[in-house]
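> the sequence and its predicted three-dimensional model are supplied below.
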Amino acid sequence: MSLFDVATPEGAEHVAWLDREADRLLDWALGSERSDGGFGWRADDGSLDPAKGRPLWIGCRMIHCLALGALRGRAGCAEAVDRGLEALRTTYRDEVHGGWFADADARGQGRKEAYGHAFVVLAASSALVAGRPGARELLDEALAVVLEHFWDDEMRMPYESYDVAWGDREEYRGGNASMHLVEVFLAASDATGDPQWRRRATDVCVRMMTAARESSWRIPEHFDTAWQPLPDYNLDQPRHPFRPYGATPGHAFEWARLLLALRAADPEAPAWLDDAAVGLVETARADAWDVERGGFVYTTDQDGVPVVRERFHWVACEAIGAAWALHRATGDPRWEQWYAEVWDFAVEHFADLAGGGGWRHEVSPANEPLALTWTGRPDVYHALQIALLPPLPLAPGLAVAVRDRVVG
């Protein structure tokens, strides 16, 4: 099997299929644009659900995805990116206090979160690589907001959230926001050439992976202000979409890919992070994969016992990305075999190839469509990225690598 080698018939056929799937997903992303600015939440039938608003994180992920489409030369993507950037400069921006509202349909409400602001950085970074006008200015502004409000320079870790006026800083500290800041710091370093963003990413990775190593490679997700784990956090909300109780195997896969990307981009990053990536994936795979029916459970407790058994599309996507990254880093054929196995599951149960482009977001333990935690199909970010990754190197990051593949 040679799925990662485009010089082989198997690899060429696989990458050609992935390119077609990427175009299908970009069609879905283009259909998410709202006439009043930004991007909305698409239902299963493809319609925009006004009740779900225009969340900042969805809008920014769509800009990122469409910037990747623009880099591929996909018609309509560059113009959609430009309109998305304009929405970030106007509709989403808080002109009084700075930063961006969590939802363009709820201006002045909710909280300003590291999670959403991280994706402003990602959107602007990818748009800058794609050469879109105004992207550099927006990226500089977003990075300044992150450093001023969300970066704890003493702890070398992020703060979580504030009220709209940057008061009432939340005492909770989160692994999810930390992971996405690693992602966007790497993207910002690629886009600007500034290595300090990689240094900050390394600091976050070291602290989080130290906690994971001390927890048998099950990453603690929830922390107090001193970054001590809160093992019972949200015990009564096990299906929370962003802060579920327990360990989240999908994040283990996502962290593993980021660790290996960091190591490839910056050889001075600690070498033990390579072993951490393997430990995370092997543990999450053993804890979460259903050997009888396929699919990964959403969460486990800190002993690896499944808690929420529904399967989410993004978890399968990140498992595919982790398998790709481990094969890139090690050449071990078992990771390519596992990559193929998870792709088969994802195509059968999530990709909905006859459904117009959006992937189903959730299925039951019996792999039947479900909507307990996620409704609709608002997000193509995870699926598009794994459709683009296989022929690419671990570093540079996705936007630069896509650009280089096209011009190369």
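Sure, I can see it.
> was I right to think residue 201 contacts residue 262?
Yes: with contacts counted by CB atoms under 8 Å, residue 201 reaches residue 262, the gap being 5.8 Å. Where you see a C-beta, it was placed from the backbone N, CA and C, and this is true even at glycine.
> intersection of neighbour lists for those two?
182, 186 (CB atoms under 8 Å, 6 or more residues apart in numbering).
> tell me who's in contact with residue 254.
Neighbours of residue 254 in contact, by CB under 8 Å, 6+ apart: 179, 318, 321, 322.
> next, count neighbours for residue 288.
25 (other CB atoms under 10 Å).
> so it versus residue 318, what's the distance?
11 Å (CB to CB, to the nearest Å).
> next: residue 395.
18 Å.
> which one's more surrounded, these two?
residue 318 (26 against 19).
> which element is the more buried one on?
helix 313-330 (DSSP states H and E).
> run through the neighbouring helices and strands of that helix.
Helix 313-330 sits against helix 249-265, helix 272-288, helix 333-349, helix 381-388, with contacts defined as 3 or more CB pairs under 8 Å, 6 or more residues apart in numbering; DSSP states H and E.
> could you dump those helices into JSON lines and include distance to residue 232 and mean pLDDT?
Formatted as JSON lines, the helices and strands packed on helix 313-330 follow (distance: least, CB to CB, whole Å; pLDDT from 0 to 100):
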{"stretch": "helix 249-265", "distance to residue 232": "18", "mean pLDDT": "98"}
{"stretch": "helix 272-288", "distance to residue 232": "19", "mean pLDDT": "98"}
{"stretch": "helix 333-349", "distance to residue 232": "31", "mean pLDDT": "97"}
{"stretch": "helix 381-388", "distance to residue 232": "28", "mean pLDDT": "98"}
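> quick one, which of the ones you listed gets closest to residue 217.
helix 272-288 (4.0 Å; CB to CB).
> tell me the pLDDT at residue 5?
For residue 5, the pLDDT comes out at 83.
> and it, how far from residue 406?
With CB to CB as the criterion, residue 5 and residue 406 are 19 Å apart.
> got a pLDDT number for residue 1?
Residue 1 is given a pLDDT of 58.
> quick one: pLDDT of residue 357?
pLDDT, read off for residue 357, is 82.
> can you tell me the SS state at it?
coil (DSSP: H, G, I helix; E, B strand; the rest coil).
> tell me the contacts of it?
Here residue 357 is in contact with 24, 25, 27, 28, 31, 46, 380 (CB under 8 Å, 6+ apart).
> list the buried residues in the helix or strand where the third one lies.
With secondary structure defined by DSSP H and E, residue 27 is part of helix 9-30. Residues of helix 9-30 classed as buried under the neighbour-count rule (16 or more other CB atoms under 10 Å) are 11, 14-15, 18, 21-30.
> please export the C-alpha coordinates of that helix as PDB.
Output in PDB follows, covering the C-alpha atoms of helix 9-30 (Å, rounded to 0.1, in the frame of the first residue of the first chain):
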ATOM      1  CA  PRO A   9      -0.900   4.200  -8.900                       C
ATOM      2  CA  GLU A  10      -2.500   3.800  -5.400                       C
ATOM      3  CA  GLY A  11      -1.100   7.100  -4.200                       C
ATOM      4  CA  ALA A  12      -2.100   9.000  -7.400                       C
ATOM      5  CA  GLU A  13      -5.600   7.600  -7.300                       C
ATOM      6  CA  HIS A  14      -6.000   8.400  -3.600                       C
ATOM      7  CA  VAL A  15      -4.800  12.000  -3.900                       C
ATOM      8  CA  ALA A  16      -7.000  12.500  -7.000                       C
ATOM      9  CA  TRP A  17     -10.000  11.400  -5.000                       C
ATOM     10  CA  LEU A  18      -9.000  13.600  -2.100                       C
ATOM     11  CA  ASP A  19      -8.700  16.600  -4.500                       C
ATOM     12  CA  ARG A  20     -12.300  16.000  -5.700                       C
ATOM     13  CA  GLU A  21     -13.500  15.700  -2.100                       C
ATOM     14  CA  ALA A  22     -11.800  18.900  -1.200                       C
ATOM     15  CA  ASP A  23     -13.600  20.700  -4.000                       C
ATOM     16  CA  ARG A  24     -16.900  19.200  -2.800                       C
ATOM     17  CA  LEU A  25     -16.300  20.500   0.700                       C
ATOM     18  CA  LEU A  26     -15.300  23.900  -0.700                       C
ATOM     19  CA  ASP A  27     -18.700  24.000  -2.500                       C
ATOM     20  CA  TRP A  28     -20.400  23.500   0.900                       C
ATOM     21  CA  ALA A  29     -18.200  26.200   2.500                       C
ATOM     22  CA  LEU A  30     -19.100  28.700  -0.200                       C
END
